[in-house]
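**Student:** I need the structure of the sequence given here:
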Amino acid sequence: MSINDDVYSRMLKHRALLTLYEKRLDTEITKILASHKIRLQRIVALSGTVNINSLTRKLNREIRLTYKKIYKDGLSELNKLAGVSARFYKSLFDKSLNNIYKARGVKDTLKVNDLIIKSNGTFSQQLVSISMLQQRKIKGIVKLGMTENKAMVNIAQDVGRSGLAASSIQLKTLTRTAITETSNFVSNKTYQLNDDVVNGYQYVATLDSRTSLICGRLDGKVYSLSNKNAPQPPQHFNCRSTTIPVIKSTDQLLNTKNNRLQKRKIAGLSDSRRASINGQVPGKTTYPEWLSSQSNDVKLTILGNQKRVNLFNSGDIKFSQFSNKSGKLISLKQLEELSN
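**Tutor:** Below you'll find the model as predicted:
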């Protein structure tokens, strides 16, 4: 295996774990919104004969407080992710160039704050936008209900039924995109810190069975670190693409001026080890192909339990059939029905 194939495999595993992290945060958002929904409905149901302006102020206050919590919790998670990513990317270079290079890394105390998602507005700006849309949506539901002389308890039900649907989807989309943005921000900084051993990066969009046309077009292409206009993830909302650093060849490393690079050790490497540092871009592979080559523990992490792993190993079910269009794993019963 070449050094770049090894880096490729490590990066795909990291991206797979990020996808699991996304699902955990999706669950947390669902819990927050569930409590939020109950409070909104209670405010409406118990409002009595209060006028719409007074009721709207109470509802907007609840929405602002909830989104303040979402922002605080979300930013805390993204800062933790930045720290984990910083350690991972530095470790990636340390492990792939074991004993011959002293890698530099981004400080794991990095605070991403509102550096993320600049192209579409910062994290906080987009949360404010979603919050405002929810306020208008719920005000419209309440106003319509009052116009139709509905009982407040029925208006409360309407608020719970459709008042949060759009914002729930938007929040989860924002979170997934922010995770990709945060990870990519750290990876790009780390590549730049180690540009003496990195030729560039490969754009990889093979992790998602629902890969967009935008990322499908970029998949496998290699870009120089000096190219300021080179595309980087996320290219769109819900983007799960990543980049893979391409390590220079042995000859290139020997011609690099850097006291962090142990050239004597490079010269003393075995022929097979020298050959592995060939500078060639790793061959393209699909996510199912990559997962097939992983250990049982990795498959368990991705698929959830041994029965799913066994079904995957059997080859009777396509990888795309393990989840629905939203990326949620389908039940074992459904999988077993597919395999019969």
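**Student:** so what's residue 177 up against?
**Tutor:** 117, 234, 237-239 (C-beta atoms under 8 Å, 6 or more residues apart in numbering). Every residue, glycine included, has its C-beta placed from N, CA and C.
**Student:** next, format those as CSV and append secondary structure and distance to residue 13.
**Tutor:** Below are the contacts of residue 177 laid out as CSV (DSSP: H, G, I helix; E, B strand; the rest coil; distance: C-beta to C-beta, whole Å):
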residue, secondary structure, distance to residue 13
117, coil, 25
234, coil, 20
237, coil, 24
238, coil, 21
239, coil, 19
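**Student:** let's see if you can find the most crowded of the residues you listed.
**Tutor:** residue 234 (24 neighbours; other C-beta atoms under 10 Å).
**Student:** just checking, that residue touches residue 182?
**Tutor:** No: between residue 234 and residue 182 there is no contact under C-beta atoms under 8 Å: 10.2 Å.
**Student:** list the contacts of the nearest residue to residue 37 once chain neighbours are set aside.
**Tutor:** Spatial nearest neighbour of residue 37, excluding adjacent residues (C-beta to C-beta, 6 or more residues apart in numbering): residue 160 at 5.2 Å. Shown in contact with residue 160 (C-beta under 8 Å, 6+ apart): 37, 40-41.
**Student:** now residue 198. Its backbone dihedrals?
**Tutor:** phi -110, psi 120 (degrees, to the nearest 10).
**Student:** ends of stretch 313-321, what's the gap?
**Tutor:** Taking C-alpha to C-alpha, to the nearest Å, stretch 313-321 runs 14 Å from one end to the other.
**Student:** nearest residue to residue 142 other than its sequence neighbours?
**Tutor:** Counting by C-beta to C-beta, 6+ apart, the residue nearest residue 142 is residue 155, at 5.8 Å.
**Student:** which helix or strand contains the one you found?
**Tutor:** helix 152-162 (DSSP states H and E).
**Student:** ditto for residue 246
**Tutor:** Residue 246 belongs to strand 242-247 when assigned by DSSP H and E.
**Student:** given that strand, what are its sheet partners and their directions?
**Tutor:** Partner strands for strand 242-247, per DSSP bridges, with pairing direction: strand 198-204 (antiparallel).
**Student:** who's in contact with the next helix or strand after the partner strand?
**Tutor:** Downstream of strand 198-204, the first helix or strand assigned by DSSP H and E is helix 213-218. Identification of contacts with helix 213-218 by C-beta under 8 Å, 6+ apart yields 203, 205, 231, 233, 235-236, 239, 241.
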